[in-house]
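A.B. asks: quick one: sequence and predicted model below, then my questions.
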Amino acid sequence: MKAFERFVLIDDNEADNVFHEIMIRRTGFTGDILIFMSGPEALEFFRTDELSLTTCIFLDINMPLMSGFEVAEEAAPLIAGKSSIVLVMLTSSGSPDDMERARSMKIIKGYVTKPLGTAAVSALLEGAVPTFDGKS
Amino acid sequence: MQAALPVPNESRRLERLRSLGVLDTVPQAAYDHITSLASAICDTPIALISMVDTDRQWFKSRVGLDAAQTPRELAFCAHAIHTPDQVMVVNDALSDVRFQDNPLVTGQPDIRFYAGAPIVTDDGFALGTVCVIDQHSRSLDNSQLAALQSLAKLVLSLMEHDAQRRAMDAEREQAAAREAEVQSALTAAGLDLLSFVDTDYRYRYVNRCYLDYWAKSKSDIVGRQIPELVGEAVFIAVVKPHFDRALSGEEVAYEAEIDFPGKGRRAVEVSYLPVKDAQGAISGVVVRAHDIQGIRLREKRLQTIVEQLEHKTLELQRFVHIISHDLREPINTIHNFASLLAEDVPDSPSAPRSYLKFVLDGSQRLKILLDDLVELLVLDRHSASFTSVDLNQLASNVRDDLRSALEASGATLEVQLLHTVQGDATLLRILLQNLVSNGIKFCPKGHQPVVNIATEVLANGTTCLRVSDNGIGIPSGQSERIFETFTRLNNKRDFAGSGLGLSICRRIADLHQGTVQVISSQPGEGSCFELKLPACPSEPSQEISK
């Protein structure tokens, strides 16, 4: 798989989005970073985008309207067959229940506990699959 | 005529006579046989058993004389008792100055001859005589005199025996009366409703309490049948089935709610106890109703309180959970952006830089506190599942968990060859992690921490897991306090932490029916924590479900 050409951040917290964008940029990434403040907005994008770019999606869990898990469920049919799309949970929840639930969903490839650091982003850019142990 | 003088000790003699309780008793065959014998042996028409009372002589038995008693001043026997150890003989009353003008001599019954053997108690009191009387002067031979004395002794034995029997009877009667009194008090005054109902469903006895509850008088109930009191429908549906089982010999108990006219609706525990007569046939049933309304009310109140408590606990857990979640985001934001700012401020001891460091430290501490708080909550709801846990594996996991802390402090973690225990792997890992990270953390600045993990199995199967360090130690007197929630012994600037770590450890030890404590510590010389785990802990039941 090619290195990621695009990041999608789905999080209702504006400050986190800003910070995560800074962290991603610090690794030297120059591609697109798309930010969605809610699940429905992101899903709308997945339905309309051609999804031809290799993309890493960071998805928050605790959001109003739709939780990250609900978003993942609805996004699954749209992105399931595409090896170019990687969905990773990025959350402040270290709860074992949440981690277990993420692990049980095939569409979710990894789990990163906030805050996102440059090391975690670099590892992803180098093709490493993020683990489920909650450590970035 | 000379009346007899009172004997010495007369009042005590009379007391003794009365104590035998013979005076004025009805005739008894045994005594009558003795007078018959005396009359036959001495061949006299008259024979008497005479008791000398204050101012009369009274005859317990008499042959040949109509009078039941005579005045004491006329009594020959009153003279006879002055010589307790010999038979007094008057051969001819007419020639004896004491008796020649005695109306009993000059008139009926024309006494001429008298012989009286005193009846003498073991303690020397002459109470009366066995005497024989004839209407012409004569004498007795020695064997007749001896026989009279023997008969006097026999009378004493009889009287003493009678007195003894009477005393015993009285005692027995008293005891029986006392028991009957207690029993009737017990049944009458008890707090239970008691009744005795015969095989015809008819009340034969009810106690006070029974009447109070039903607001009836005794005559309203005793002699009537159960249906008349409780109604035909209740009798057929409720009472009769239980009652008939009792009539077949079975003890029956059940709980019911009865609307008592005198007390209102009460929960009662009813028992039917079959009663058997002497032949073993069932003669009726004792019905006991025990009022448990008070207990029921208290049970209900307690249940309500328990439910409220459970609700509150759940609410509290949910509250802390939400708070800790909602707090985490802003704290992360503060931390994230404060670190970005810190990078942009030049590295100099300028004020803005040190201020930022305070902000960063503060947010760091908040983060740790929240993490521990959440862990404590999770622990409360964790249902432990016990398996075989290899502590070597666990120690190696903990080494991985704490890799960054070990590297940052240059600490050494020494792990001996450890035993395997029964427990919850996840929980034990949290516990060991806490103990080891404390060992690393509480090390004086500039020293290299050394933490040692070892185990020992005691004779009773208990496993002791010991974690010792070369850290700052714990001041004496504080080794129990450190396990309390939010207890911190140290300045936050020197040693980060929430103060929850050891209370988490204790909670985990409790879940394993084990203990965790400080077994040795000197300030400046390190501490040793010991976890004791029983050989076969039973899995704790989850008290509050999620």
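C.D. replies: Good, I have the coordinates.

A.B. asks: contact residues of chain B facing chain A?
C.D. replies: Taking C-beta under 8 Å from any C-beta of the partner chain as the measure of proximity, chain B contacts chain A at B:His325, B:Arg328, B:Glu329, B:Asn332, B:Thr333, B:His335, B:Asn336, B:Phe337, B:Leu340, B:Asp371, B:Val374, B:Val378. Where you see a C-beta, it was placed from the backbone N, CA and C, and this is true even at glycine.

A.B. asks: just give the closest residue to the fifth one, not the sequence neighbours.
C.D. replies: Residue nearest to B:Thr333 in three dimensions, not counting chain neighbours: A:Ala15, with 4.3 Å by C-beta to C-beta, 6 or more residues apart in numbering or on different chains.

A.B. asks: does B:Ala80 really touch B:Cys131, like I thought?
C.D. replies: Yes: using C-beta atoms under 8 Å, B:Ala80 is in contact with B:Cys131, at 7.0 Å.

A.B. asks: need the overlap of contacts for these two.
C.D. replies: Taking C-beta atoms under 8 Å, 6 or more residues apart in numbering or on different chains as the criterion, B:Ala80 and B:Cys131 both touch B:Gly116, B:Ala117.

A.B. asks: which SSE is B:Pro274 in?
C.D. replies: Of the helices and strands defined by DSSP states H and E, B:Pro274 is found in strand B:264-276.

A.B. asks: so the residue nearest to B:Thr333 makes contact with B:Ile331?
C.D. replies: No: using C-beta under 8 Å, A:Ala15 makes no contact with B:Ile331, being 11.3 Å away.

A.B. asks: returning to what we had before: among the residues of chain B next to chain A, which ones are buried?
C.D. replies: Those of those that meet the buried threshold are B:Arg328, B:Glu329, B:Asn332, B:Thr333, B:His335, B:Asn336, B:Phe337, B:Val374, B:Val378, by 16 or more other C-beta atoms under 10 Å in any protein chain shown.

A.B. asks: in JSON lines, list those residues along with secondary structure and pLDDT.
C.D. replies: Formatted as JSON lines, those follow (DSSP: H, G, I helix; E, B strand; the rest coil; pLDDT from 0 to 100):
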{"residue": "B:Arg328", "secondary structure": "helix", "pLDDT": "80"}
{"residue": "B:Glu329", "secondary structure": "helix", "pLDDT": "81"}
{"residue": "B:Asn332", "secondary structure": "helix", "pLDDT": "84"}
{"residue": "B:Thr333", "secondary structure": "helix", "pLDDT": "87"}
{"residue": "B:His335", "secondary structure": "helix", "pLDDT": "86"}
{"residue": "B:Asn336", "secondary structure": "helix", "pLDDT": "87"}
{"residue": "B:Phe337", "secondary structure": "helix", "pLDDT": "88"}
{"residue": "B:Val374", "secondary structure": "helix", "pLDDT": "74"}
{"residue": "B:Val378", "secondary structure": "helix", "pLDDT": "69"}
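
A.B. asks: what is the nearest of these to B:Gln303?
C.D. replies: Ranked by distance to B:Gln303 (C-beta to C-beta), these are led by B:Val378 at 28.8 Å.

A.B. asks: follow-up on the earlier one: could you point out which element follows the strand holding B:Pro274?
C.D. replies: strand B:282-291.

A.B. asks: quick one: neighbours of A:Met23, just the number.
C.D. replies: A total of 21 residues lie near A:Met23 under the criterion other C-beta atoms under 10 Å in any protein chain shown.

A.B. asks: so which strand or helix has it?
C.D. replies: A:Met23 belongs to helix A:14-26, assigned by DSSP H and E.

A.B. asks: thinking again about what came up before, where does the residue nearest to B:Thr333 land on pLDDT?
C.D. replies: You'll see A:Ala15 listed with a pLDDT of 88.

A.B. asks: and it, what does it touch?
C.D. replies: B:Thr333, B:Asn336, B:Phe337.

A.B. asks: change it to 10 Å
C.D. replies: Contacts for A:Ala15 (C-beta atoms under 10 Å, 6 or more residues apart in numbering or on different chains) come out as B:Glu329, B:Pro330, B:Asn332, B:Thr333, B:Ile334, B:Asn336, B:Phe337.

A.B. asks: now do the same contact list for the fourth one.
C.D. replies: Shown here is B:Thr333, whose contacts under the criterion C-beta under 10 Å, 6+ apart are A:Asn13, A:Glu14, A:Ala15, A:Asp16, A:Val18, A:Phe19, A:Lys114, A:Pro115, B:Ser363.

A.B. asks: nearest to B:Pro109, of the residues you listed?
C.D. replies: Set against B:Pro109, the nearest of the contacts of B:Thr333 by C-beta to C-beta is B:Ser363 (135.2 Å).

A.B. asks: quick one: B:Asp55 and B:Glu10 touch, right?
C.D. replies: No: in this structure, B:Asp55 is not within contact of B:Glu10 by C-beta atoms under 10 Å, at 11.5 Å.

A.B. asks: outline the domain layout of chain B.
C.D. replies: As given by automatic domain parsing, the domain ranges for chain B are B:10-166, B:187-291, B:383-546.

A.B. asks: mean neighbour count, mean pLDDT and distance to A:Ser95 for those - can I get that in CSV?
C.D. replies: Putting the domains of chain B into CSV (neighbours: other C-beta atoms under 10 Å in any protein chain shown; pLDDT from 0 to 100; distance: least, C-beta to C-beta, whole Å) gives the following:
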stretch, mean neighbour count, mean pLDDT, distance to A:Ser95
domain B:10-166, 18, 92, 93
domain B:187-291, 15, 89, 47
domain B:383-546, 17, 82, 12
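
A.B. asks: in a markdown table, list those along with distance to B:Leu302.
C.D. replies: Compiled in a markdown table, the domains of chain B are given as follows (distance: least, C-beta to C-beta, whole Å):
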| stretch | distance to B:Leu302 |
| --- | --- |
| domain B:10-166 | 61 |
| domain B:187-291 | 15 |
| domain B:383-546 | 16 |
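
A.B. asks: indicate which one of these is closest to A:Leu87.
C.D. replies: Minimum separation from A:Leu87 across the domains of chain B (C-beta to C-beta) falls at domain B:383-546, 26.8 Å.

A.B. asks: contact partners for B:Gly362?
C.D. replies: With C-beta under 10 Å, 6+ apart, B:Gly362 has these contacts: B:Ile331, B:Ile334, B:His335, B:Ala338, B:Lys492.

A.B. asks: helix or strand: which one has it?
C.D. replies: For B:Gly362, the host element (DSSP H and E) is helix B:351-381.

A.B. asks: distance from the chain centre to that helix, please.
C.D. replies: Remark: helix B:351-381 is offset 57 Å from the chain centroid, using C-alpha atoms, centre = their mean, to the nearest Å.

A.B. asks: show me what counts as buried in it.
C.D. replies: Those would be B:356, B:359-360, B:363, B:366-367, B:369-370, B:372-379, for helix B:351-381 by 16+ other C-beta under 10 Å.

A.B. asks: helix/strand/coil for the residue nearest in space to the middle of chain A?
C.D. replies: Against the mean C-alpha coordinate of chain A, by C-alpha atoms, centre = their mean, the closest residue is A:Phe58 at 1.5 Å. Taking DSSP: H, G, I helix; E, B strand; the rest coil as the rule, one finds A:Phe58 in the strand state.

A.B. asks: identify the residue spatially nearest to it, adjacent ones excluded.
C.D. replies: A:Leu90 (4.0 Å).

A.B. asks: for that neighbour, give its distance to chain B.
C.D. replies: Distance of A:Leu90 to chain B, computed by C-beta to the nearest C-beta, to the nearest Å: 12 Å.
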